[in-house]
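J.: Sequence and predicted structure, then a few things I'm wondering about:
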Amino acid sequence: MKVYTISEVAEMLKVSRQTIWRWMRIGLLSYRQLGPGDRGSIRFTESDIKSFLKKAKKGSIPLLRS
């Protein structure tokens, strides 16, 4: 399974890392935390990204509406 970092996802979606953090914080973008506690690395699966893009396409994410 391919996993992506915050920087990789930000580049893919053409947004800033801060935007990715914001979407994570408000629950729009699912992620995996590898390792215990605050020291765990944040990663995104292809499924996380596809789910997010599906929501965006439906207009559920106002920041991505055309």
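T.: Yep, that arrived.

J.: Compute the distance between residue 35 and residue 59, please.
T.: 35 Å (CB to CB, to the nearest Å). For every residue, glycine as well, the C-beta is placed using N, CA and C.

J.: Now do the helices in this structure.
T.: Assigned by DSSP state H, the helices in the chain fall at 6-13, 17-25, 46-57.

J.: can you redo the ones you listed as JSON lines with mean pLDDT?
T.: Converted to JSON lines, those look like this (pLDDT from 0 to 100):
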{"stretch": "helix 6-13", "mean pLDDT": "95"}
{"stretch": "helix 17-25", "mean pLDDT": "93"}
{"stretch": "helix 46-57", "mean pLDDT": "91"}
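
J.: Please give me every residue in contact with residue 7.
T.: residue 17 (CB atoms under 8 Å, 6 or more residues apart in numbering).

J.: 6 Å instead?
T.: Counting by CB atoms under 6 Å, 6 or more residues apart in numbering, residue 7 makes contact with nothing.

J.: And it, how far from residue 57?
T.: 23 Å.

J.: for residue 43, same thing?
T.: With CB to CB as the criterion, residue 43 and residue 57 are 23 Å apart.

J.: more neighbours, these two?
T.: Neighbours were counted for residue 43 and for residue 57 using other CB atoms under 10 Å; residue 43 has more, 18 against 11.
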